[in-house]
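[1] Next one to model:
(2 chains)
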Amino acid sequence: MTTASASSDRLAIAARDLVKTYRGDVRALDGLSFSVSPGAVFGLLGPNGAGKSTTVKILTTLSRPDAGGAEVAGIDVLRHPDRVRRAIGCVAQKSAVDAEATGRENLTLQGQLYGIGGRELRSRVGELLERFGLADAANRIARTYSGGMQRKLDIAMGLIHRPQVLFLDEPTTGLDPEARADMWAEISRLSGEGLTILLTTHYLEEADRLARWLAIVDRGRIVTEGTPEQLKSELRGDAIHVELAETNGHGQVRDALDRLVDVREVVLDGSSLRARVDSGAKAVPAVLAALESGGVKVASVTVARPSLDDVYLRHTGRSFSEADEGKESSR
Amino acid sequence: MTTAVAHSWFMTLRHLRALLRQPWWIAITLVQPVIWLLIFSQLFRRVVEIPGFASTSYITFLTPGIVVMTALFSNGWSGMGVIDDLNRGVMDRFLVTPVRRGAVISGRLVQSAIVTTVQALIIIGLGLAGGARFGGGLPGIVALLLAGALLGVAFGALSNALALLLRREESVIAASNFILLPLTFLSTAFMPQDLAPDWIGHVARYNPVNWAIVAGREALQADVGWMTVFSHLGYLAVFAVVCGWLATRAFRTYQRSV
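    Numbers count the residues shown, from 1 in each chain, chains lettered A, B, ... in the order given. Have a look, this model is predicted:
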């Protein structure tokens, strides 16, 4: 599985056949491979426990795979972890700011660990505080920050050394809707600056909105990948959902719809009729007319564009929310 | 090498700043040794009257014991900070930066040594104000400070190692409780060895807490037996190195488990 990009030495991230088993035979990764071209926002989408965080831990040198290998910014993560660390910024799933230090102190220490110092560090810290709207809170200890502010500080810390690749592990989990929208805007802005971003998320909406290339992870493997639009268009067309006024007369309904050429995958369940059509807007009048001439009464009709949820369902055989609830917190 | 030193120092500053922001911590850290010094010197005041007690002033006898006891207790809990960093994800964030791995632990230990030395100076000052007299003068005081710092670093490292292996506050608290008080009482902190039961004397001989007390107390005497001082400081140094090594091993174990 490769993305649309050029030769492998130009890739920002290349993961090959990663396998990782935790104690107690929990197989977190089961031969996971993908690659990311420079400057892309790449989304790893999957339910909790699918292996997203384990993948990030391996790519950021925190953890070692049992088998397989990876390069980040062209550097082998197993052979030269220290060089990889200089090339990447990392924002973990959980806010990891030092709660007892101020925003400015957090950023300063982070910069010092990358060997930045003196005036250069001071101006970089000031610049990041300004950019993330934390300048007013710079000298307050981070314990007093809101969840959204701590998250921004996390990202600012990940950017202090101007990394080539930024890892964002579930950047909006636990944020309120307003802070989430704020974070989305911030991530879009970063991607506009040519930074390669690997984003993990279990929010379908977030993946759809931010990622230009998306890989769906399930049980430690990539099950499919492509642009969000490609993945959705694989499903061919829109879903229409008709609520019938009566629960009987299924034979009549089938007879009526048989005459329509572009209505597929008709599913009847009680008073509910589901089908897939090429274009919802065009199909609805025809479907309604056919049902009416067949003597079937209709209560309501809705048309839905294919969602990533449908993509997920198709590739894994489970609905996304089912998979998400089925597993405990991710590793 | 210079990077390692710089990184340790950045970490040390981080921990010192966090401590200085906690007024309660400062108050308790300062008041607690004062209380120990006052309570024990009052409680056992007449111990000096027991035939065979070498010193005529109990506070002179007690001060090095309290210095060492404070070094033990204020560092025996150092691992709690490690657990906090583990839980908050701060540890993992450091590990994805190019920080020298050793600095994550040594930063805490340098902080331990600094805090222990400041506490020891305060206790020595209080002891002097309370009537203690140290014939060993300045070199003796330096030796006591060194003994306290070495013991503090050793137990700080041990506590960090425990924290990295157990990773639960409750477990670390239980383990620390189990270790710290017995080690204090199985020493000559409050009672000379001649007056304690034989078995305590035997145990004390292998108790690092007692090595620090023996080194410090001997160094403060008018007629210093420097051989005793240096040999015990030597044991302490070896013990500190072993504990530091254990902490590094525990750190590797943690890294492998991520």
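[2] distance between the helix or strand harbouring B:Ile123 and the chain's centre?
    Assigned by DSSP states H and E, B:Ile123 falls within helix B:101-129. Helix B:101-129 sits 8 Å away from the centroid of its parent chain (C-alpha atoms, centre = their mean, to the nearest Å).
[3] Please, which helix or strand holds residue 156?
    You didn't pick a chain, so chain A it is. A:Ala156 is part of helix A:147-159 when elements are defined by DSSP H and E.
[4] meant chain B actually
    B:Gly156 belongs to helix B:137-166, assigned by DSSP H and E.
[5] Tell me the helix or strand right after that helix.
    helix B:169-185.
[6] For the helix holding B:Gly156, which helices and strands make contact with it?
    helix B:58-75, helix B:79-88, helix B:101-129, helix B:169-185, helix B:208-219, helix B:226-257 (3 or more C-beta pairs under 8 Å, 6 or more residues apart in numbering or on different chains; DSSP states H and E). Every C-beta, even on glycine, is put in place using the N, C-alpha and C of the backbone.
[7] Okay, now the unreliable bits of chain B?
    Along chain B, the model assigns pLDDT under 70 to residues B:1.
[8] Give me every residue in it lying close to chain A.
    Proximity of chain B to chain A, by C-beta under 8 Å from any C-beta of the partner chain, involves residues B:3, B:6-7, B:10, B:14, B:17-18, B:21, B:88-90, B:92-99, B:256-258.
[9] if we go to 6 Å?
    B:10, B:14, B:18, B:89-90, B:92-93, B:95-99, B:258 (C-beta under 6 Å from any C-beta of the partner chain).
[10] could you flag which of those residues are buried?
    Among the residues of chain B next to chain A, those that count as buried by neighbour count (16 or more other C-beta atoms under 10 Å in any protein chain shown) are B:10, B:14, B:18, B:89-90, B:92-93, B:95-99.
[11] nearest residue to B:Val68 other than its sequence neighbours?
    Once flanking residues are discounted, B:Val68 sits nearest to B:Ala212: 4.5 Å by C-beta to C-beta, 6 or more residues apart in numbering or on different chains.
[12] do the same with B:Val67
    B:Val67's closest residue in space is B:Ala120 (C-beta to C-beta, 6+ apart), at 4.6 Å.
[13] The one you found reaches B:Leu145, doesn't it?
    Yes - assessed by C-beta atoms under 6 Å, B:Ala120 is found in contact with B:Leu145 at 5.3 Å.
[14] Those two: who's more crowded?
    The neighbour count for B:Ala120 versus B:Leu145, taken as other C-beta atoms under 10 Å in any protein chain shown, is higher for B:Ala120 (27 against 21).
[15] before we move on, the earlier item: how about the buried ones among the residues of chain B next to chain A, which pair is most distant?
    B:Ala18 and B:Pro98 (22.7 Å; C-beta to C-beta).
[16] element containing A:Ala299?
    Judged by DSSP H and E, A:Ala299 forms part of strand A:298-304.
[17] Same check on B:Pro33?
    Secondary structure from DSSP H and E places B:Pro33 in helix B:23-43.
[18] Show me what that helix is packed against.
    Judged by 3 or more C-beta pairs under 6 Å, 6 or more residues apart in numbering or on different chains; DSSP states H and E, helix B:23-43 is in contact with helix B:58-75.
[19] helices or strands next to the helix it packs on in the packing?
    Helices and strands touching helix B:58-75, by 3+ C-beta pairs under 6 Å, 6+ apart, are helix B:23-43, helix B:101-129, helix B:137-166, helix B:208-219.
[20] residues touching B:Gln32, list them.
    Listed by C-beta atoms under 6 Å, 6 or more residues apart in numbering or on different chains, B:Gln32 has no contact partners.
[21] try 8 Å this time
    B:70, B:73 (C-beta atoms under 8 Å, 6 or more residues apart in numbering or on different chains).
[22] So which residues on the stretch 1-150 of chain A come close to chain B?
    Within the stretch 1-150 of chain A, the residues that sit near chain B (C-beta under 8 Å from any C-beta) are A:23, A:57, A:60-64, A:82, A:85-86, A:88, A:90, A:92-101, A:105, A:109-110, A:112-115, A:141.
[23] for the stretch 1-150 of chain A, what are the low-confidence residue spans?
    A:1-9.
[24] re the thing from before, make JSON lines out of the residues of chain B next to chain A and add distance to A:Val296.
    Formatted as JSON lines, the residues of chain B next to chain A follow (distance: C-beta to C-beta, whole Å):
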{"residue": "B:Phe10", "distance to A:Val296": "74"}
{"residue": "B:Arg14", "distance to A:Val296": "72"}
{"residue": "B:Ala18", "distance to A:Val296": "71"}
{"residue": "B:Gly89", "distance to A:Val296": "58"}
{"residue": "B:Val90", "distance to A:Val296": "63"}
{"residue": "B:Asp92", "distance to A:Val296": "60"}
{"residue": "B:Arg93", "distance to A:Val296": "61"}
{"residue": "B:Leu95", "distance to A:Val296": "64"}
{"residue": "B:Val96", "distance to A:Val296": "61"}
{"residue": "B:Thr97", "distance to A:Val296": "66"}
{"residue": "B:Pro98", "distance to A:Val296": "69"}
{"residue": "B:Val99", "distance to A:Val296": "70"}
{"residue": "B:Val258", "distance to A:Val296": "60"}
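[25] And the helices in the stretch 1-150 of chain A, which stretches?
    In the stretch 1-150 of chain A, the helices defined using DSSP state H, counting those that start in this stretch lie at A:52-59, A:81-87, A:103-113, A:118-131, A:147-159.
[26] Format these as JSON lines; extra columns: mean neighbour count and distance to A:Gly226.
    Formatted as JSON lines, the helices of the stretch 1-150 of chain A follow (neighbours: other C-beta atoms under 10 Å in any protein chain shown; distance: least, C-beta to C-beta, whole Å):
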{"stretch": "helix A:52-59", "mean neighbour count": "26", "distance to A:Gly226": "18"}
{"stretch": "helix A:81-87", "mean neighbour count": "18", "distance to A:Gly226": "27"}
{"stretch": "helix A:103-113", "mean neighbour count": "24", "distance to A:Gly226": "36"}
{"stretch": "helix A:118-131", "mean neighbour count": "15", "distance to A:Gly226": "33"}
{"stretch": "helix A:147-159", "mean neighbour count": "23", "distance to A:Gly226": "27"}
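[27] Which stretch among the ones you listed approaches B:Ala222 most closely?
    Nearest of those (C-beta to C-beta): helix A:103-113, 47.6 Å.
[28] For residue 188, give me phi and psi.
    Just going to use chain A. phi -60, psi -40 (degrees, to the nearest 10).
[29] nope, chain B please
    phi -100, psi 30.
[30] list the contacts for it?
    Counted by C-beta under 8 Å, 6+ apart, B:Thr188 has contacts B:65, B:196, B:204, B:210, B:213-214, B:217.
[31] And for A:Pro81?
    By C-beta under 8 Å, 6+ apart, the contact list for A:Pro81 reads A:Thr61.
[32] rerun that using 10 Å as the cut-off
    Going by C-beta atoms under 10 Å, 6 or more residues apart in numbering or on different chains, A:Pro81 touches A:60-62, A:64, A:72, A:75, B:95-96, B:98.
[33] would you list those in JSON lines and tack on distance to A:Thr316?
    Listed next are the contacts of A:Pro81 as JSON lines, based on distance: C-beta to C-beta, whole Å:
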{"residue": "A:Thr60", "distance to A:Thr316": "26"}
{"residue": "A:Thr61", "distance to A:Thr316": "30"}
{"residue": "A:Leu62", "distance to A:Thr316": "27"}
{"residue": "A:Arg64", "distance to A:Thr316": "28"}
{"residue": "A:Val72", "distance to A:Thr316": "27"}
{"residue": "A:Ile75", "distance to A:Thr316": "33"}
{"residue": "B:Leu95", "distance to A:Thr316": "33"}
{"residue": "B:Val96", "distance to A:Thr316": "30"}
{"residue": "B:Pro98", "distance to A:Thr316": "38"}
